[in-house]
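Participant: have a look at this prediction, sequence included:
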Amino acid sequence: MKLKLKGIDETFNATDATTADTLVLELTSIYEVDSFREKLTDESLRHFEFLDNVDNVAGKYDNYTFKGDVSYSVKDGVYTAKYFLRKKTETEIRLDALEAGQELQDGAIDELAQIAGGNA
């Protein structure tokens with residue numbers, strides 16, 4: 001199965017042990033284990049999909065967050081890494097929407113201030 005994260009232009013091969021709460025990947029180095037971990041942002045986990053072997057969507061998930069926990073084992077040079085996620089609470093989802101709206105409003109206020117000050 002493949003994993004497609006929001007805003008990242010690549011897919012990742014996940015093992016059959018992968019679930020929405022536990023992403024399991026087989027990687028070739030500790031660098032890849034850490035590099036994938038860095039991709040697990042709230043933005044990339046806002047929406048992610050599992051794809052089947054012909055790239056059809058097999059599952060869609062929204063509003064997850066990375067718990068910060070990674071475990072891995074090494075056998076024959078293959079790192080099997082597990083990344084633990086959780087679904088955000090309704091309060092967290094509402095707070096994210098509020099913060100995004102505030103950022104837009106702050107940008108609009110800055111633009112108006114520049115126009116009013118003659119700097120635009």
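Facilitator: Arrived safely, thanks for sending. Residues are numbered from 1 along each chain as shown.
Participant: Lys4 bridge partners, please.
Facilitator: Applying DSSP bridges to Lys4 gives these bridge partners: Thr11, Glu49.
Participant: ok, now which ones touch it?
Facilitator: Lys4 makes contact with Thr11, Phe12, Phe48, Glu49, Phe50, Leu51, according to C-beta atoms under 8 Å, 6 or more residues apart in numbering. All C-beta atoms are positioned from the backbone trio N, CA, C, and that covers glycine.
Participant: give me the buried entries from these.
Facilitator: Taking 16 or more other C-beta atoms under 10 Å as the criterion, what is buried in these is Phe12, Phe48, Glu49, Phe50, Leu51.
Participant: these into JSON lines, with extra columns for distance to Gly59 and pLDDT?
Facilitator: What follows is the buried ones among the contacts of Lys4, written out as JSON lines (distance: C-beta to C-beta, whole Å; pLDDT from 0 to 100):
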{"residue": "Phe12", "distance to Gly59": "14", "pLDDT": "96"}
{"residue": "Phe48", "distance to Gly59": "9", "pLDDT": "97"}
{"residue": "Glu49", "distance to Gly59": "7", "pLDDT": "97"}
{"residue": "Phe50", "distance to Gly59": "4", "pLDDT": "96"}
{"residue": "Leu51", "distance to Gly59": "9", "pLDDT": "95"}
